[in-house]
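> Fold the following and give me the result.
(chains A and B)
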There are 2 protein chains.
Amino acid sequence: MATAGGEVTCVDFWANGFGMRARIALRELGVAFRYVEEDLRSGDRSELVRRMNPVHRSIPILIHGGRPVCGSVNILEYVDETWGNDGGPRLLPRDPLQRAHARFWADFVDQKVFSTQTRFLKSKGAEKEAAKEELLDQLRRLEEVLGDKTFLAGDEFGFLDAVLIPFSSMFHGYEQHGGFSLETECPSLMRWVRRCKERDSVKSVLPDEDEMYELHKKWYGISE
Amino acid sequence: MATAGGEVTCVDFWANGFGMRARIALRELGVAFRYVEEDLRSGDRSELVRRMNPVHRSIPILIHGGRPVCGSVNILEYVDETWGNDGGPRLLPRDPLQRAHARFWADFVDQKVFSTQTRFLKSKGAEKEAAKEELLDQLRRLEEVLGDKTFLAGDEFGFLDAVLIPFSSMFHGYEQHGGFSLETECPSLMRWVRRCKERDSVKSVLPDEDEMYELHKKWYGISE
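So this is what the prediction gives:
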């Protein structure tokens, strides 16, 4: 099969939360890969990105044996199907219902949390205040998903952890921007963040939180 | 496993293109299920929907042995993992790269085609004209994905066919609304539509195209 071998490349930008998922997943499953930085601060996309993802021209892109896989959740599924082991580490649970549960909450993060984060950072006045409350509600919902488990799907770090943990690199920014403490609002979610950050896969990928917030301030024209 | 057995129910509305996917997939894999109609024309969601999908209160919902799976693509993955057979019918291809390809284009349909359809139907003047061109471009892209294959992933009807074919129940509406002929614009995509409609799974689920367009005219306040 074309997917059985070949060099693995991940095209991404250091501050891209979606791409961090792919890089964390590759490290979790012990897949050696070449990292190619695509600077999103430049308006133009590289020739590589235009060729490998002509439809969206977006990153992350995983290139395996010369063939592209685009979209962060799609990449996680591909990484798990290609390198996940029944006996060893894998990202998604085996039970179909648990898999559906993980995918449901991944979609919640993508469709709800991400857009609420954007609205919270970009808007002003009452709209910002509403977005802040919504964002905190969404994080508390995710805290309920965690419950008293070690990771979001149980004892092992997996798919949904890889989906959500990159957002934590903006948590410091949320606190600065919104004037609240996530330790107070979501204490057990914050303990989960610290547990994730003990992992080599996560700590080698997540960027400095101050740099992340500084970049987002520039992107969204935030002056404080 | 909780997913190994139990009664199967699909909660949906006859004109819900997302839910049609789930009903087609269940029929393709020969899964007997009870259909519960949730009338989206009513503003209130039923107690069943509120209980089974408290986060989004949306349909379709697949209930298997009392446990809900929400979101149309999520349901297709679940149906395939639960009832798809290695030897018999299944929805997704086996090869991880082909699976990634199918999921990529499913996401394209959800993120691009659906929003463009909405914009095309709701907007006016130059914006409508632009949305029309965009919609036709997107359908032509999907026609390129089809190429000279019988179905979107090859010889067998599968996941991506189930994702896209419900949209064809609005094709007549597109033509009426935009004053174009899809036979002229995308002839091989239209041959694919006819091939899909020969299948019992598809023809028993797709609604009457005139009724679909009439409903959308009401929803979007279109008077012609």
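> Tell me which residues of stretch A:35-53 come out buried.
Applying a neighbour-count criterion of 16 or more other C-beta atoms under 10 Å in any protein chain shown, one finds A:38, A:40, A:45, A:46, A:48, A:49, A:52, A:53 buried in stretch A:35-53. The C-beta positions use only the backbone N, C-alpha and C, and glycine is treated the same way.
> Now the terminal residues of that stretch, how far apart.
This stretch, stretch A:35-53, spans 17 Å end to end (C-alpha to C-alpha, to the nearest Å).
> Can that stretch be said to contact chain B?
No. In terms of C-beta under 8 Å from any C-beta of the partner chain, no part of stretch A:35-53 sits within range of chain B; the closest distance is 9.3 Å.
> Can you name the residues in contact with that stretch?
Applying C-beta atoms under 8 Å, 6 or more residues apart in numbering or on different chains, the contact partners of stretch A:35-53 are A:9-16, A:23, A:57-59, A:61, A:63, A:68, A:70, A:215.
> Of those, which ones also sit close to chain B?
When C-beta under 8 Å from any C-beta is applied, the members of these adjacent to chain B are residue A:70.
> Identify those among the contacts of stretch A:35-53 that sit within strands.
Here DSSP state E is the test, and the contacts of stretch A:35-53 give A:9, A:10, A:11, A:12, A:61, A:63, A:68, A:70 as lying in strands.
> between those, which has the most around it?
Greatest neighbour count in the ones in strands among the contacts of stretch A:35-53, by other C-beta atoms under 10 Å in any protein chain shown, goes to residue A:70: 27 neighbours.
> What's the separation between that residue and residue B:170?
The gap separating residue A:70 from residue B:170 is 27 Å, by C-beta to C-beta, to the nearest Å.
> do the same with residue A:73
Taking C-beta to C-beta, one finds residue A:73 at 27 Å from residue B:170.
> What of residue A:144?
From residue A:144 across to residue B:170, the span is 37 Å (C-beta to C-beta).
> Equivalent analysis for residue A:180, please.
44 Å.
> Look at the two and report which has more neighbours.
Counted by other C-beta under 10 Å, residue A:180 and residue B:170 do not tie: residue B:170 has more neighbours, with 22 against 14.
> The more buried one against residue B:210, yeah?
No. Counting by C-beta atoms under 8 Å, residue B:170 stays clear of residue B:210, with 11.2 Å between them.
> elements contacting the helix ranked longest in chain A?
If you go by DSSP state H, chain A has its longest helix at helix A:125-146. Where contact means 3 or more C-beta pairs under 8 Å, 6 or more residues apart in numbering or on different chains; DSSP states H and E, helix A:125-146 is packed against helix A:96-108, helix A:114-122, helix A:171-178, helix A:182-185, helix A:187-197.
> So which of those is nearest chain B?
Closest approach to chain B among these (C-beta to the nearest C-beta): helix A:96-108, 4.1 Å.
> now what about stretch A:140-152, what contacts it?
Applying C-beta under 8 Å, 6+ apart, the external contacts of stretch A:140-152 come out as A:102, A:105, A:108-109, A:113, A:155-158, A:160-161, A:164, A:185-186, A:188-189, A:192, A:195-196, B:55.
> Sorry, wrong one. I was asking about stretch A:10-21.
A:22-23, A:26, A:33-40, A:48-49, A:52, A:59-63, A:72-73, A:75-76, A:114, A:162-163, A:165-167, A:169-170, A:205-207, A:211-212, A:215.
> ok, now with 6 Å
Residues outside stretch A:10-21 that contact it (C-beta atoms under 6 Å, 6 or more residues apart in numbering or on different chains): A:22-23, A:33, A:35-36, A:38, A:40, A:59-62, A:72, A:162-163, A:166-167, A:205, A:207, A:212, A:215.
> Which of the buried residues of stretch A:35-53 fall in helices?
A:48, A:49, A:52.
> the domain parsing of chain A - what is it?
Segmentation of chain A into domains, based on automatic domain parsing, reads A:8-83, A:96-220.
> Could you export those as CSV, including mean pLDDT?
Shown next, in CSV, are the domains of chain A (pLDDT from 0 to 100):
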stretch, mean pLDDT
domain A:8-83, 97
domain A:96-220, 97
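> before we move on, the earlier item: which one of the ones in helices among the buried residues of stretch A:35-53 is nearest residue A:222?
residue A:49 (27.2 Å; C-beta to C-beta).
> Would you tell me which one of the domains of chain A is buried the most?
The highest average neighbour count among the domains of chain A, using mean count of other C-beta atoms under 10 Å in any protein chain shown, belongs to domain A:8-83 at a mean of 19.
> Kindly reformat the helices and strands packed on helix A:125-146 as a markdown table containing distance to chain B.
Shown next, in a markdown table, are the helices and strands packed on helix A:125-146 (distance: least, C-beta to the nearest C-beta, whole Å):
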| stretch | distance to chain B |
| --- | --- |
| helix A:96-108 | 4 |
| helix A:114-122 | 13 |
| helix A:171-178 | 21 |
| helix A:182-185 | 19 |
| helix A:187-197 | 17 |
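> Not counting sequence-adjacent ones, nearest residue to residue A:94?
With C-beta to C-beta, 6 or more residues apart in numbering or on different chains as the criterion, residue A:94 has its nearest non-adjacent residue at 7.7 Å, and that residue is residue A:86.
> my guess is the one you found is in a strand, correct?
No. Counting by DSSP: H, G, I helix; E, B strand; the rest coil, residue A:86 falls outside a strand, being coil.
> Pull up the gap between it and residue B:99, please.
Taking C-beta to C-beta, one finds residue A:86 at 18 Å from residue B:99.
> ok, now which ones touch the residue lying closest to residue A:32 once chain neighbours are set aside?
Distances taken as C-beta to C-beta, 6+ apart put residue A:8 closest to residue A:32, at 6.8 Å, once the chain neighbours are dropped. For residue A:8, the contact set (C-beta under 6 Å, 6+ apart) comprises A:31, A:33, A:64.
> Touching, residue A:178 and residue A:134? I think so.
No. Residue A:178 is not in contact with residue A:134 according to C-beta atoms under 6 Å; the separation is 11.4 Å.
> still on that earlier bit, can you list the helices and strands packed on helix A:125-146 in TSV and add distance to residue A:221?
Shown next, in TSV, are those (distance: least, C-beta to C-beta, whole Å):
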stretch	distance to residue A:221
helix A:96-108	28
helix A:114-122	8
helix A:171-178	13
helix A:182-185	24
helix A:187-197	28
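> which one of these lies closest to residue B:220?
Among the helices and strands packed on helix A:125-146, the nearest to residue B:220 by C-beta to C-beta is helix A:114-122 (22.8 Å).
> and the angle from that closest one to helix A:96-108?
Inter-element angle recorded for helix A:114-122 and helix A:96-108: 20 degrees (by axes from the mean of the first three to the mean of the last three C-alpha atoms, to 10 degrees).
> what packs against helix A:114-122?
Contact partners of helix A:114-122 among helices and strands, from 3 or more C-beta pairs under 6 Å, 6 or more residues apart in numbering or on different chains; DSSP states H and E: helix A:125-146.
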